[in-house]
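**Q** Quick check, what structure comes out for this input:
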Amino acid sequence: MCCQILDIDELNKKAGVLCANCVAGAGCKIYASRPQVCRDFECEWLTERSVPAALKPDKVGTLFLICPDTDQYQAVTDPTRPNAWRHPLVFKHLVAMAKEGHVVVAKSGANSWRIYPTGECANWV
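**A** So this is what the prediction gives:
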């Protein structure tokens, strides 16, 4: 999912476009020499034990990450599944993160929504 969803300047890769170095079923063909940004990136599903296996990004179409610039907890969707963040399992997780005090933002392309501890959501600019 990170090879499709994220913008990677070092590879001239735009967000939402599958990385040219990603081989379906095999992974990264430049893994040993991939850019540092790729080496450093780890989504919340990989690093945070509290994120259940049922929320594996490729299963739910949503990548969970903490934005280093804003400290927001973000749910970034697969462009082919723009409403994936609204799936009951994903949304429940996002509300739980908001209840823990995080600023939670769901992103789909150029659109963003803030998720509140009450379960409400609103367009986010």
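**Q** What are the buried residues along the longest helix seen in the chain?
**A** Selection of the longest helix in the chain by residue count, based on DSSP state H, yields helix 88-99. The neighbour-count criterion (16 or more other C-beta atoms under 10 Å) identifies Val90, Phe91, His93, Leu94, Val95, Met97, Ala98 as the buried residues of helix 88-99. Glycine gets a C-beta too; all of them are placed from N, C-alpha and C.
**Q** now those residues as JSON lines including distance to Val23 and pLDDT?
**A** Compiled in JSON lines, the buried residues of helix 88-99 are given as follows (distance: C-beta to C-beta, whole Å; pLDDT from 0 to 100):
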{"residue": "Val90", "distance to Val23": "27", "pLDDT": "96"}
{"residue": "Phe91", "distance to Val23": "32", "pLDDT": "97"}
{"residue": "His93", "distance to Val23": "30", "pLDDT": "95"}
{"residue": "Leu94", "distance to Val23": "31", "pLDDT": "97"}
{"residue": "Val95", "distance to Val23": "36", "pLDDT": "97"}
{"residue": "Met97", "distance to Val23": "33", "pLDDT": "94"}
{"residue": "Ala98", "distance to Val23": "37", "pLDDT": "96"}
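**Q** wait, what's in contact with Phe124?
**A** Check again: residue 124 is Trp, not Phe. Contacts of Trp124 were listed using C-beta atoms under 8 Å, 6 or more residues apart in numbering, and they are Val105, Ser112, Trp113, Arg114.
**Q** I misspoke; the intended subject was Phe41.
**A** Taking C-beta under 8 Å, 6+ apart as the contact definition, Phe41 lies against Cys2, Leu6.
**Q** Much appreciated, bye for now.
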